[in-house]
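**Student:** Build the 3D model from these lines:
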Amino acid sequence: MYGQPSNSNSTPIFEGFFLQMVMAGQQAKCQEIITQALGSDWEVKLVGDNATEFEITKSDANTLSTKEAWDKAYYLRSQPGVVYAEPLFAVPVAMPIDPTQNFNQDIDLPTGRNLTGFDNQNQQNINDESSDVDWPLKQLRVLETWQRFFPDPNKLPGDGIIIGHPDTGYTPHPEIISNLLLNKSFDFLKKDNDPEDELETSPNEIINNPGHGTSTAGVIISTTASQANYPTAKGVTGVAPGAKLVPLRVSLSVVLISIINISNAIEYAADNGFHVISISLGTAFPSQRLRSAIIYAQKRGVIIVAASGTSVPFVVWPAAYEEVIAVTGCDVKREVWLGSSRGRQVDVTAPGAGVWYAKTNKTDTGLEYDINQGNGTSFSAPFIAGVAALWLSYHGRDQLIQRYGAEKIPFIFNQILRDSCEKFPTWKPNRFGEGLVNAEKVLSAPLPDNQNQSVMAPAFALQQHSPIDNDINTFNHLFEQQLVNNQPEDSLETPDNTMLKLSLAQLLQTTPSELPKRLKEVGKELAFYFAADSQLYNQLIQTIQAPKPGVASFKTQQDPSNNLNNLRTRLLSQGTSEVLKNKIN
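**Tutor:** Predicted coordinates for the structure are as follows:
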């Protein structure tokens, strides 16, 4: 349907290739290689700033099977002048977890859950404390921030800031319509300038999210007074009601996103002078194409904020990338919400449970508007995007660029944001970022002294996280929660990945010392299958989990080699590339 991958059985959808040449200015050479390998009906599009990176697509690209796509990628890598090539997939964020595993041991999580969503807008979490629609603004000290830093009634909080919003599109909900900048919007599904959410519910989607773009937009830019009388008799107010938001329709479902659509939307936002990008969706697998788009935007001074994920045992992409501010969720009691994805890649925490939001329903007689309450880190990210808008508006983005240069702005904001956080009762290091955001502290924090070179250079700023794009780091990230579970409670040590490396080495028929070389060859494809197949994911967990003292179970007494043999059998049944097949068989 349009440009949206359709899928009824949770399998990844092939979209195209990302390819990097060794030298700039070789588009003709790239086209020649693609024509020879794939045929003449593939489009070669230059992306990024280096003049070496290309997006390779065709109208019916999904006719290639997963095996064929990886086989072609390895062939492309072998061609003279090609530095790197990888297939592009829409990989669902849907991870049904073995009910014997507790992937959120930081809190009491009910066992036997199926982790099947990026957020749950319909799950009610109404109690006396969260019945106040403004509780998230009060928790983040947004109201105090407005009063202190935006006293001029003619300059609303967030004034002058434009926010790009890749999501399911928009609806003309009264709470947001006046703050939408529709003349700059775009629909990447239909390839036109009308990104209105048609509120479709497709049987081909794993999870449908009609109206998701409206709901998350309202968290940022809803006006300060209720614009209509709704059935719930509620109204919502955004963090930055003076900002403008541009809907960029990229998906029907926030758990199965097109890498090509989201990447193009990010670049579109950068090219059109947007200042902040708020992303309340994600994918289960890293992509160099997506990373290239993020770097492209950040070099132009765009602050990118993304949701960490909901009910997934790792932080999803793009939130997991170092350049992106990853936000996990808490509740009205300043406690971590049980559905929040957490880990070392998280930067900060913001409200994500019991949040009131603008809701649009499609009926036989037309559209109905309401204010509902729900959960999800999809709400957490736009709260922080709103704080970014307040910070830029208060200091003046043009003045910040003049003082520091555009490229450094996202890193300066990220550092100030993290330094201004407050620890909360259930906070733990390396799980929930630096803590709960305090907007008033963010805006009151002094700007770094450029003259004394105290401004953090972008390359240094990225060292606050480990790279997770390749080699063992990708596996450390995908299985971080299990590695943490293997540690003694409250341990501050870096999780021990010895069992993970040993299992991967045995699976790939090599030694731990030779594993880095083997992962450089086939690690990206191997990680792809673990991200895409929950059964494979759980089978590897069985080989790396550490028995708990005094606890005996059939699973922990099993021979790890049997688990690996079962895993190898299932992996081969997936139809792996010939290259990977030769490594594991």
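
**Student:** Show me what the helix or strand where Lys517 lies is packed up against.
**Tutor:** Lys517 is part of helix 515-532, with elements assigned from DSSP states H and E. Packing contacts for helix 515-532, counted by 3 or more C-beta pairs under 8 Å, 6 or more residues apart in numbering; DSSP states H and E, involve strand 82-90, helix 471-478, helix 498-507, helix 534-544, helix 578-584. All C-beta atoms are positioned from the backbone trio N, CA, C, and that covers glycine.

**Student:** Which positions within the third one qualify as buried?
**Tutor:** What that stands for is helix 498-507. 499-507 (16 or more other C-beta atoms under 10 Å).

**Student:** and the least confident of those?
**Tutor:** Among the buried residues of helix 498-507, Met499 carries the weakest pLDDT, at 91.

**Student:** quick revisit: other residues contacting the helix holding Lys517?
**Tutor:** Residues outside helix 515-532 that contact it (C-beta atoms under 8 Å, 6 or more residues apart in numbering) are 11-12, 70, 86, 89, 91-92, 284-286, 470-472, 474-475, 478, 501, 504-505, 507-508, 510, 536-537, 540, 571, 574, 576-577, 579-580, 583.

**Student:** Can you flag the buried ones in those residues?
**Tutor:** Buried, going by 16+ other C-beta under 10 Å: 11-12, 70, 86, 89, 91-92, 284-286, 471-472, 474-475, 478, 501, 504-505, 507-508, 510, 536-537, 540, 571, 574, 576-577, 579-580, 583, out of these.

**Student:** And the strands in this structure, which stretches?
**Tutor:** For the chain, the strands defined by DSSP state E cover 13-21, 43-47, 53-57, 82-90, 162-167, 186-187, 244-249, 276-279, 303-307, 325-330, 348-351, 355-363, 366-374.

**Student:** Give the rounded mean pLDDT of the first one.
**Tutor:** Per-residue pLDDT over strand 13-21 has a mean of 95.

**Student:** strand partners of that strand, parallel vs antiparallel please.
**Tutor:** strand 53-57 (antiparallel), strand 82-90 (antiparallel) (DSSP bridges).

**Student:** which parts of the shortest one are buried?
**Tutor:** Taking 16+ other C-beta under 10 Å as the neighbour-count basis, strand 53-57 is seen to contain the buried residues 53-56.

**Student:** Output stretch 278-293 as CSV, nothing but the C-alphas.
**Tutor:** Output in CSV follows, covering the C-alpha atoms of stretch 278-293 (Å, rounded to 0.1, in the frame of the first residue of the first chain):
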residue,chain,number,x,y,z
SER,A,278,11.0,14.1,17.0
ILE,A,279,10.8,10.3,16.2
SER,A,280,8.3,8.1,18.1
LEU,A,281,8.9,5.0,16.0
GLY,A,282,11.8,2.6,15.5
THR,A,283,13.3,-0.5,14.0
ALA,A,284,14.9,-3.6,15.5
PHE,A,285,18.0,-3.5,13.3
PRO,A,286,20.7,-0.9,12.6
SER,A,287,21.2,0.5,9.1
GLN,A,288,24.1,2.5,7.7
ARG,A,289,21.5,4.3,5.5
LEU,A,290,19.7,5.5,8.5
ARG,A,291,22.9,6.4,10.3
SER,A,292,24.0,8.4,7.2
ALA,A,293,20.8,10.4,7.3
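
**Student:** What residues of it count as buried?
**Tutor:** Buried, per 16+ other C-beta under 10 Å, within stretch 278-293: 278-293.

**Student:** nearest to Ser178, of these?
**Tutor:** Closest to Ser178 out of the buried residues of stretch 278-293 is Ser278 (18.2 Å), distances taken as C-beta to C-beta.

**Student:** Roughly how far does the closest one sit from Gly164?
**Tutor:** 7 Å (C-beta to C-beta, to the nearest Å).

**Student:** next one: Ala350
**Tutor:** Applying C-beta to C-beta to Ala350 and Gly164 gives a distance of 19 Å.

**Student:** Equivalent analysis for Pro448, please.
**Tutor:** 26 Å.

**Student:** just Ser513 next, same as before
**Tutor:** 46 Å.

**Student:** out of those two, which sits in the more crowded spot?
**Tutor:** Gly164 (30 against 9; other C-beta atoms under 10 Å).

**Student:** for the chain, what helix or strand is lowest in average pLDDT?
**Tutor:** helix 554-557 (a mean of 42; mean pLDDT, DSSP states H and E).

**Student:** so where is the chain shaky, pLDDT-wise?
**Tutor:** 1-10, 61-62, 93-128, 201-208, 255-256, 451-470, 488-492, 546-561 (pLDDT under 70).
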